[in-house]
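1. Sequence and computational prediction follow.
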Amino acid sequence: MDNLTIIQHPLVQHKLTQLRNKQTDHYTFRRLTKELTAFMLYEVMVDYPTKEVAVETPLMQTTAKKLAREISFVLILRAGLGMLDGLLELVPTARVGHVGLYRDEKTLRAVEYYKKFPENIAETGVILVDPMLATGGSAVAAVDLLKEAGVQEIKFVCMVAAPEGIEALHKRHPDVHIYAAAKDQRLNKNGYILPGLGDAGDRLFGTK
Ligand code: PRP
Ligand code: URA
């Protein structure tokens with residue numbers, strides 16, 4: 001599939017394996033999420049547009065490249081928060097937007113409770129993040145909101161994606177490129193990804 005990239009880098013895969021392990025405690029899970037996200041972002045931005053600028057080195061005037069557009073990271077709350085430090089490590093100047101969504105436990109539908117985007121978001125390159133793409137309901141709802149705000153180019157980055165979520169997001173938003181560290185087998189009857197890594201929010205924040 002053209003707009004799906006599974007990042008196979010050995011460091012990404014090694015950290016994902018540790019994240020999957022149920023013995024991994026919440027503070028190690030947080031650290032690994034940060035590290036894995038930074039490695040993923042490095043790959044996600046491999047084709048990010050650059051522009052030539054003039055720069056004066058200590059020795060002479062020259063031209064060199066810089067990112068062509070500002071970047072906005074948009075986090076799907078709450079678990080997307082766990083990815084922020086890894087993103088900012090690589091792009092500390094980025095703006096950050098938030099979308100509050102939770103899945104209704106019975107219907108599995110995404111329910112919106114918060115939204116705050118950078119004012120100039122439509123002029124920036126947007127990277128939307130959430131550790132898990134399960135039914136795809138949360139990612140679809142977040143992309144809907146970004147497009148309503150005028151954003152044209154969106155990359156979606158998750159750690160684990162289910163085939164069902166990939167299909168749902170591609171069906172509704174075929175222009176959104178999905179980056180994941182793994183495409184897993186399927187969802188269980190409660191909408192959890194198998195084999196997955198459990199509830200990312202609970203594992204990140206130690207709430208269960
Ligand atoms: C989890 C996860 C995603 C969503 C994925 O969040 O972080 O946002 O589920 O599932 P979907 O693809 O079926 O929508 P959850 O609703 O558990 O909320 P939380 O991050 O606040 O724990
Ligand atoms: N949300 C999670 O945190 N984990 C899953 O497996 C599915 C949705």
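-> All right, it came through fine. Ligands and ions are numbered 1, 2, ... in the order given.
2. where exactly do the helices run in this structure?
-> 10-20, 26-44, 81-90, 137-148, 163-172, 200-205 (DSSP state H).
3. Name the residues of the fifth one that are buried.
-> Residues of helix 163-172 classed as buried by neighbour count (16 or more other Cβ atoms under 10 Å): E164, G165, I166, A168, L169, H170. C-beta: built from backbone N, CA, C; applies to glycine.
4. List the neighbours of it that are in contact with it.
-> Residues outside helix 163-172 that contact it (Cβ atoms under 8 Å, 6 or more residues apart in numbering) are 1, 3-4, 133-137, 139-140, 143-144, 156, 176, 178, 180, 183-187.
5. can we see that at 6 Å?
-> L133, A134, T135, G136, A139, V140, L187 (Cβ atoms under 6 Å, 6 or more residues apart in numbering).
6. That one vs ligand 1: in contact?
-> Yes. Using Cβ under 6 Å from any ligand atom, helix 163-172 reaches ligand 1 at G165.
7. any idea how far that helix is from the chain center?
-> Offset of helix 163-172 from its chain centre (Cα atoms, centre = their mean, to the nearest Å): 15 Å.
8. out of the contacts of helix 163-172, who's near ligand 1?
-> Near ligand 1, by the rule Cβ under 6 Å from any ligand atom, you find L133, A134, T135, G136, A139 out of these.
9. Tell me the spacing between the third one and A54.
-> It stands for T135. 49 Å (Cβ to Cβ, to the nearest Å).
10. Compare these two and say which one has the larger neighbour count.
-> Using other Cβ atoms under 10 Å as the criterion, T135 and A54 rank with T135 on top: 21 against 8.
11. Run a quick check on that one versus A110, I expect a contact.
-> No. Taking contacts as Cβ atoms under 6 Å, T135 lies outside contact range of A110: 8.5 Å.
12. Quick check: residues of the chain near ligand 2?
-> Counting by Cβ under 6 Å from any ligand atom, the positions of the chain adjacent to ligand 2 are A79, M132, A134, G191, Y192, I193, G196, D199, A200, G201.
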